[in-house]
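# model this:
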Amino acid sequence: MTSTLIREPSPAADLVLAGLADDTAGHGAVNSASKVRKLLRQQAAIARFGSFALQQWDMSKILAEAVRVCAEGLNVPFAKVCRYRPEHNDLLIVAGHGWQGGVVGSVVSRVGMSSPQGRAFTTGEPSICNDLQMDLYFDLPPFYAAHGIVSIIDVIIKGSEDQPYGILEIDNDQQHDYDQHDINFLTGFANVLAEAVATASRTEALQVALDRMAVMVEEKDALLREKNVVDLHLRQAQKMEAVGQLTGGVAHDLNNILTVIVGAIEILSDAVADRPPLAAVAKMIDDAAARGADLTRRLLAFARKQPLHPREVDVNSLIIEATNLLRPTLGEHIEILTTLAGDASHALIDPSQLTNSILNLALNARDAMPEGGKLTIATGNVVIDEEYAHAHGEVAAGNYVLIAVSDSGHGVPAENLDKVFEPFFTTKEVGKGTGLGLSMVYGFVKQSLGHVTIYSEQGQGTTIRIYLPQAIGVAHPAEMVPQVRIEGGHETVLVVEDDALVRAFVLAQIKSLGYVTLTAANADEALAVINGAQEIELLFTDLIMPGAMNGRQLADEALLRRPQLKVLFTSGYSEDAIIHNGRLDTGVLLLAKPYRKSELARMLRSALASDVRLQPAPGEPVVTPPEEPQWPVTAA
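This next block holds a predicted model:
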């Protein structure tokens, strides 16, 4: 019997470059050039597929591209993906490359040890069969012989919880001696595919939620006749919250994938820096990853899960700086006017996100005035009284700073006014807008404990008013992060990350900076390490983890045991564990995913050098104010 069972490599081997140094050092340079080419081809295949998966959320297209790229990466003529069907306990071929008609859609085997696919699925470990003709143990479908298949490799595609998604298989009509790099590549590719499948599944769930949301909007007219205005606002708030949670979940998964892709591309770019054609491909993939990161930032802004750094800001000065950026961007056909109140109070707000919001509103206004017009930005102080706050229930009474952005464009139809802040809603032509601009502004203002309204008349124009919480004191200028060289260290860092692919990547990056690393997949494992005798200077933990404890709770427990321990958090999105009253808790340092090696290095050094102690998380629940108000406010 020529089939063999291969134990799955360590998570770090998923980025097959880990074997490059060992080969060149241990076996000389005889075959180094060909191995380097193969490794680069395989790593480029993983990165290329990851980039594709970021832009394509259709499950069938993702699987079709996966088998094609996987076959190309291993230079074999056939590949396929088999999905596990628990109701039949079998493996169904759902995507294939190189096969004749009739193969995709057929059952390859039942789960068990009677087939290489079933064995890989049952054991969870890669399986190699070098010569099917000599292996009489397996009972395979006739199409294997019809295609002349001689050798195959099967690896598992991980899924949700304890149930894998299925099997990734490559097939060859010639005998081939597969080495450990091939196994590492196939295993790593299957891990990226698993992340893509999980994200596509979440996207399908999001689409279902959006479809349900559309039905709810259609029912709104009936609700107006049956319920009062307060009930209607409550339903709208629940709807926006539900979509926000789903959107945040999708963005979180995308950021995990992006973290690995961005880091892998940095490694690949360095490796091919002296090869312009490959360097151009690496640059293209890096640009695509950057676009993906920008998309997740917009999604997180709507979901109110982006990390904010609010401080006292002189709104008038910020608007003056923003208009200087707007003039060349909007074009000469748009006249920009500002009406800034001299006594406008300072606002407690994140200045960079406020600037982004003003730019988004200005670009929307420009699109509403294709033939030219006026854009007016005004500021002032306003008071929201108790009567208004009580009637609408989604805004607190008090003093606010008003920013009003008005245009003289074509206006918004009345039937669309209550939809403009919803994600992905747009009246622009296909390809002209994402539908995320206003929803991003809406989410940012709500996360900042502010208030936003829209007023529009067709043929007259639109005014969007943003109400920001006032701050008492002197405004602080925006802090600029200096560009410094990448600096490592020698301290011991405990890395806690539940995603195996991300964990392997982060460990490799931190080790390359010179640090000593310890690792844990969850809070229980981390506490076991912390309770030991090993010296630990820094806890670097993900916020969102399975189990009884999240990252913040783990940090609190760790500080009880090691009061001098420094803590750095990371996450695909922020959550209530570290954000209260719209801002990061005192002492919290957060590295948002995805990040580059230089950002990781800077934050590690900042955390280790910080003298600010992490304060215990507040015990009281965080109350999120209700959503979307829409009526005039009494001027101060």
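# Surely Met113 and Ala120 touch.
No. No contact is recorded between Met113 and Ala120 when judged using CB atoms under 8 Å, the distance being 10.2 Å. Every residue, glycine included, has its C-beta placed from N, CA and C.
# who's more crowded, these two?
Here Met113 and Ala120 are set side by side on neighbour count (other CB atoms under 10 Å), and the busier one is Ala120, at 28 against 11.
# could you measure that one against Arg503, distance?
Between Ala120 and Arg503 the computed distance is 23 Å (CB to CB, to the nearest Å).
# cool, and Leu39?
For Leu39, the distance to Arg503 (CB to CB) stands at 22 Å.
# ok, now Glu321?
When Glu321 is compared with Arg503 (using CB to CB), they lie 41 Å apart.
# between these two, which one's more packed in?
Set side by side, Glu321 and Arg503 show more neighbours around Arg503, with 20 against 14, by other CB under 10 Å.
# Please identify the helix or strand for that one.
Secondary-structure assignment from DSSP states H and E places Arg503 in helix 500-512.
# now swap in Leu494 and tell me
The secondary structure element spanning Leu494 is strand 492-496 (assigned by DSSP H and E).
# swap in Glu321?
For Glu321, the enclosing helix or strand under DSSP H and E is helix 315-330.
# try Glu169
Assignment of secondary structure by DSSP H and E places Glu169 within strand 166-172.
# next SSE after that strand?
Taking DSSP H and E as the definition, the helix or strand right after strand 166-172 is helix 180-218.
# Determine the set of other helices and strands touching that following helix.
Under the contact definition 3 or more CB pairs under 8 Å, 6 or more residues apart in numbering; DSSP states H and E, helix 180-218 sits against helix 32-55, helix 59-74, strand 151-157, strand 166-172, helix 229-271, helix 500-512.
# what's the closest of these to Ala282?
Smallest distance to Ala282 across these (CB to CB): 4.5 Å, for helix 229-271.
# give me every residue that touches Val420.
Taking CB atoms under 8 Å, 6 or more residues apart in numbering as the contact definition, Val420 lies against 412, 438, 454.
# about what we covered before: report the angle between the strand holding Leu494 and helix 500-512.
170 degrees (axes from the mean of the first three to the mean of the last three CA atoms, to 10 degrees).
# Now strand 492-496: buried residues?
Of the residues in strand 492-496, those buried by neighbour count under the rule 16 or more other CB atoms under 10 Å are 493-496.
# Report the two of those separated the most.
Val493 and Val496 (10.2 Å).
# coming back round to it: pLDDT of the strand holding Glu169, averaged?
For strand 166-172, the mean pLDDT works out to 93.
# So Gly380 is in contact with Ala347, correct?
No. Between Gly380 and Ala347 no contact is recorded; they are 11.8 Å apart, counting by CB under 8 Å.
# who touches both of the two?
With CB under 8 Å, 6+ apart applied, the overlap between the contact sets of Gly380 and Ala347 consists of Val401.
# quick one, which of the two is more surrounded?
The residue with more neighbours, out of Gly380 and Ala347, is Ala347; 29 against 20, by other CB under 10 Å.
# Assign that one to helix, strand or coil.
Look at Ala347: counting by DSSP: H, G, I helix; E, B strand; the rest coil, its state is strand.
# which residues does it bridge with?
For Ala347, the residues forming beta bridges with it (DSSP bridges) are Val313, Gln470.
# Also Arg85?
Asp90.
# do the same with Tyr400
Tyr400 has these beta-bridge partners by DSSP bridges: Val382, Pro469.
# Quick one: residues contacting it.
Residues counted as contacts of Tyr400 (CB under 8 Å, 6+ apart) are 381-384, 450-451, 467-470, 633.
# out of the residues you listed, who has the most neighbours?
Most crowded among those, counting by other CB under 10 Å, is His451 at 28 neighbours.
# can I assume that residue is in contact with Val383?
No. His451 lies out of contact with Val383 (CB under 8 Å); the separation is 12.0 Å.
# With pLDDT added, can I get the buried residues of strand 492-496 in TSV?
Written out in TSV, the entries for these read as follows (pLDDT from 0 to 100):
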residue	pLDDT
Val493	94
Leu494	95
Val495	93
Val496	92
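# picking that back up, run the angle between the strand holding Glu169 and helix 59-74 for me.
Computed by the same axes, to 10 degrees, the angle between strand 166-172 and helix 59-74 is 40 degrees.
# contact partners of strand 166-172?
Under the criterion CB under 8 Å, 6+ apart, residues 66, 70-71, 74, 76-84, 91, 94, 98, 116-117, 120-121, 144, 147, 149-157, 159, 186, 189-190, 193 lie in contact with strand 166-172.
# In the sheet, which strands lie alongside it, parallel or antiparallel?
Within its sheet, and counting by DSSP bridges, strand 166-172 is paired with strand 78-85 (antiparallel), strand 151-157 (antiparallel).
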